[in-house]
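Student: sequence unknown, structure follows:
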């Protein structure tokens, strides 16, 4: 059976220097793949290839369609994308911004349908944003804008959701609730979720599979339990890292120079 998302031999160079070198990945419908790695590993570039940026070599397809050659409207019906720093049109309300997620389904001269409006309200409600509908997006905090950007892609109803550090501006409690929401929507709609995440324990908690990037190369891919080992993490992230079991939960910590530890968070082991 063909995977929903297929990357084959992706290579991207900027200024003659390779940023991604011969990376191949597949993601099935209903699967959550976390893209991990230090800054500069090529995570964001890889995600942009998934949403239509042309690689120097290789191919990226979603549901058998080439992401580079397909029309923008068709691409938007297949994949929804939240970049690290979403742009917001000045003077636009939160409601109208989230409504942009429905644009791929509207005719050239047609306005929004009842279904479009219902999808927007559902997305706003899911992210606790119904009280913000009339607010200018320019007046929101960083965490609020991240939630609004996520509401837009949920309203978009695409089968593939690509997130580039989409919860980085949220506090710990809100981050966990948003990741839980994405996970619930993924299961209900059988979405393929591909997310670049810095928090290793969040990746281990929510992802079915993880792919570790290092200097443009794919170092490992597999289940969190099989990939997130002390040996690999120390090699990729350089500092001494410990993977601990604390009362049935996995905790990934980095050792400080004074011998103490800094926890990346507790992660419940999936059964």
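Tutor: Ah, there it is. It should be emphasised that the depicted structure is a prediction, and the values quoted were computed from it without experimental measurement.

Student: What ranges in this protein fall below the confidence cut-off?
Tutor: Counting by pLDDT under 70, the chain contains low-confidence ranges at 1, 109, 248-250, 257-271.

Student: which residues in it form helices?
Tutor: Ranges of helices in the chain, per DSSP state H, are 43-50, 72-78, 94-99, 114-126, 142-156, 172-189, 200-206, 224-227, 230-237.

Student: Out of those, which is the most enclosed?
Tutor: Burial of those is given as mean neighbour count (mean count of other CB atoms under 10 Å); helix 200-206 ranks first at a mean of 24. Where C-beta positions appear, they are placed from N, C-alpha and C, glycine not excepted.

Student: Please compute how far that one lies from its chain's middle.
Tutor: When C-alpha coordinates are averaged (CA atoms, centre = their mean, to the nearest Å), helix 200-206 and its chain have centres 13 Å apart.

Student: Which strands and helices lie in contact with it?
Tutor: For helix 200-206, the packing partners by 3 or more CB pairs under 8 Å, 6 or more residues apart in numbering; DSSP states H and E come out as strand 32-36, helix 172-189, helix 224-227, strand 249-255, strand 261-268.

Student: Adjacent strands (with direction) for the first one?
Tutor: Spelled out, that is strand 32-36. Take DSSP bridges as the rule and strand 32-36 pairs in its sheet with strand 192-196 (parallel), strand 209-214 (parallel).

Student: Could you export the ones you listed as a markdown table, including mean neighbour count?
Tutor: Converted to a markdown table, these look like this (neighbours: other CB atoms under 10 Å):
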| stretch | mean neighbour count |
| --- | --- |
| strand 192-196 | 25 |
| strand 209-214 | 22 |
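
Student: Out of the ones you listed, which is closest to residue 6?
Tutor: Smallest distance to residue 6 across the strands paired with strand 32-36 (CB to CB): 10.8 Å, for strand 192-196.

Student: relative to helix 43-50, how tilted is the closest one?
Tutor: Interaxial angle, strand 192-196 versus helix 43-50 (axes from the mean of the first three to the mean of the last three CA atoms, to 10 degrees): 150 degrees.

Student: residues in contact with strand 192-196?
Tutor: Strand 192-196 has contacts (CB atoms under 8 Å, 6 or more residues apart in numbering) with 4-5, 27-36, 43-44, 47, 50, 159-166, 182, 186, 207.

Student: hmm, try it at 6 Å
Tutor: Outside strand 192-196, the residues within contact range by CB atoms under 6 Å, 6 or more residues apart in numbering are 4-5, 27, 29, 31-35, 43, 47, 160-165, 186.

Student: ok so, going back, with distance to residue 107 as added columns, please give the helices and strands packed on helix 200-206 in TSV.
Tutor: Below are these laid out as TSV (distance: least, CB to CB, whole Å):
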stretch	distance to residue 107
strand 32-36	33
helix 172-189	24
helix 224-227	44
strand 249-255	49
strand 261-268	46
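
Student: These: which one's closest to residue 22?
Tutor: Evaluated over the helices and strands packed on helix 200-206, closeness to residue 22 peaks at strand 32-36, with 16.0 Å, by CB to CB.

Student: Report the contact partners of residue 63.
Tutor: Contacts of residue 63 by CB under 6 Å, 6+ apart are residue 4.

Student: what's it sitting at in phi/psi?
Tutor: Backbone torsions of residue 63, given as degrees, to the nearest 10, read phi 50, psi 40.

Student: how much space between it and residue 84?
Tutor: 26 Å (CB to CB, to the nearest Å).

Student: if we can go back for a sec, and the helices of the chain as CSV, adding distance to residue 9?
Tutor: Formatted as CSV, the helices of the chain follow (distance: least, CB to CB, whole Å):
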stretch, distance to residue 9
helix 43-50, 11
helix 72-78, 21
helix 94-99, 37
helix 114-126, 36
helix 142-156, 28
helix 172-189, 27
helix 200-206, 25
helix 224-227, 21
helix 230-237, 22
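
Student: No further questions, thank you.
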